[in-house]
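Undergrad: The sequence and its predicted three-dimensional model are supplied below.
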Amino acid sequence: MQNIKEILTSPVSSYKGSETTRSVVAKEIANRWGEKELKNYDPLHTARTFHSWLDLGYKVKKDEKAIKSITFIEQKNKDGEIINKVKRPCFLFYYLQVEKIK
């Protein structure tokens, strides 16, 4: 099991690089933990889904509420061409909301 420092330096998040979703999550982090906490926000490391944290050996702390974001699922035809993008909600937890599983 990795410690939090190793997790914060290993890019294993499924974040795809959308500036819109990054800014939505950053705004919520600033609302909950203050503007100073934004210096620690890195979408590749510090905000992950519930199952992503579990896979890394961490669980969400009791009574923590997810940060709602969005993602887009690409639908492809039989030739592999993208024919549609479907908007889906995505629920993330910030690294301050998780603890190591004992």
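TA: That came through fine.

Undergrad: Centre of the chain to the lengthiest helix in the chain, how far?
TA: The single longest helix within the chain, with elements called by DSSP state H, is helix 19-33. Relative to its parent chain, helix 19-33 has a centroid offset of 11 Å by Cα atoms, centre = their mean, to the nearest Å.

Undergrad: And the following helix or strand past it, what does it pack against?
TA: Later in the chain than helix 19-33, the nearest helix or strand by DSSP states H and E is strand 47-49. Other elements packing on strand 47-49 under the criterion 3 or more Cβ pairs under 8 Å, 6 or more residues apart in numbering; DSSP states H and E are strand 82-94. Heads up, the C-betas are built off the backbone N, CA and C, glycines and all.

Undergrad: who are the neighbours of the helix or strand just after the strand it packs on, in terms of helices and strands?
TA: Sequence order places strand 98-100 as the next helix or strand after strand 82-94, per DSSP H and E. For strand 98-100, the elements it packs on are strand 58-60, judged by 3+ Cβ pairs under 8 Å, 6+ apart.

Undergrad: quick check: mean pLDDT across the strand it packs on?
TA: Per-residue pLDDT values over strand 58-60 give a mean of 95.

Undergrad: List the residue ranges of this protein that fall below the pLDDT cut-off.
TA: For the chain, residues meeting the criterion pLDDT under 70 lie at 1-17.
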